[in-house]
Every structure is written in C-alpha cells, then in structure tokens.
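*Asks:* Attaching a predicted model along with its sequence, questions to come.
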Amino acid sequence: MYQCDGCGAAIPRKALRYQVSIDVRAAYDTLEVSLWDLVRDHRREMEELVAQMSKTDATALEEQVYKKMVLDLCPQCQRRFILSPLNFRSHDSAATPPSDIDSFLRSLGFGNAAEE
Ligand SMILES: [Zn+2]
C-alpha cells in the first residue's frame, strides 16, 4: 500500500501509481576566472566561508546545494501535477481558476470596497 503525496489517498499495491523524481540543485554558470582572481589572496574569504559553514546545520547546508525528492502520485494528482507542477496540491485555485475577472480580483483581495 502506498500513499499519494498529493492528496493523501491510499494507493493499493497493484493500482496505477505515478512517481515523480525532483532534483533541486543550485545552478552555477560557468566561472569566468580573471587574472585578478588568480593573484589575489583567497585565504580570508575561505576562512570566513568555513567559519560560516561550521555554524550551519549539515543537512541544511547540503539542501542548499542539492535535494532529491521522490513523490508517489495517484492518477488524479498526476494529471494536476502535469498541468501545474508548482501548485498541484491546491485543489481549488489551480484546478478551477476563477471564471470571471471580478472573482479573480476578489481572490487577490481587490474589489471588495467598490461593491460594499
Ligand atoms: Zn492523489
């Protein structure tokens, strides 16, 4: 028995289930190394960095660079995930967007004063 990470529903062993692998990694652009970078003294910077890192929790530090997540999804949540990967769990707003501009503005907190 699995559990859907989207809606929490139980997924029986042989039922259709989807797996989402998410790799979150810090993005680095190619470094441009100048002559100044090669000749200057990096020691102080390194010492500061090491001091800063020693104060940070190891797991938190690791997660700043790389984090892998694996989600189990039921078929309904898989469809919602494909449509809206960042908001697939919010059933109301992502699945059924406001039908008119007034309710959309109200959902953002605008327009109440004009009507009342
Ligand atoms: Zn689900």
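*Replies:* Yep, it's here.

*Asks:* what does the protein have sitting close to the ion?
*Replies:* 4, 6, 7, 9, 74, 77 (CB under 5 Å from the ion). All C-beta spots, glycine's among them, are computed from the backbone N, C-alpha and C.

*Asks:* Can you name the residues in contact with stretch 66-76?
*Replies:* 2-7, 9, 11, 15-26, 81 (CB atoms under 8 Å, 6 or more residues apart in numbering).

*Asks:* coming back round to it: export the residues of the chain next to the ion as a markdown table, with columns for neighbour count.
*Replies:* Putting the residues of the chain next to the ion into a markdown table (neighbours: other CB atoms under 10 Å) gives the following:
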| residue | neighbour count |
| --- | --- |
| 4 | 19 |
| 6 | 20 |
| 7 | 14 |
| 9 | 12 |
| 74 | 22 |
| 77 | 24 |
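
*Asks:* just checking, which of the contacts of stretch 66-76 belong to strands?
*Replies:* 2, 3, 11, 18, 19, 20, 21, 22, 23, 24, 25 (DSSP state E).

*Asks:* right, and the helix or strand after the top helix by length along the chain?
*Replies:* Across the chain, the longest stretch assigned as helix under DSSP state H is helix 43-54. Later in the chain than helix 43-54, the nearest helix or strand by DSSP states H and E is helix 58-65.

*Asks:* Report the rounded mean pLDDT for that next one.
*Replies:* Mean pLDDT, helix 58-65: 87.

*Asks:* can you pull the pLDDT of the residue of the chain most remote from its centre?
*Replies:* Most distant residue from the mean C-alpha position of the chain: residue 39, 39.1 Å away (CA atoms, centre = their mean). Residue 39 carries a pLDDT value of 85.

*Asks:* quick revisit: out of the ones in strands among the contacts of stretch 66-76, grab the one that's most surrounded.
*Replies:* Highest neighbour count within these, by other CB atoms under 10 Å: residue 11, with 19 neighbours.

*Asks:* Setting aside sequence neighbours, what's the nearest residue to that residue?
*Replies:* Nearest in space to residue 11, with sequence neighbours left out and distances taken as CB to CB, 6 or more residues apart in numbering, is residue 2 at 4.2 Å.
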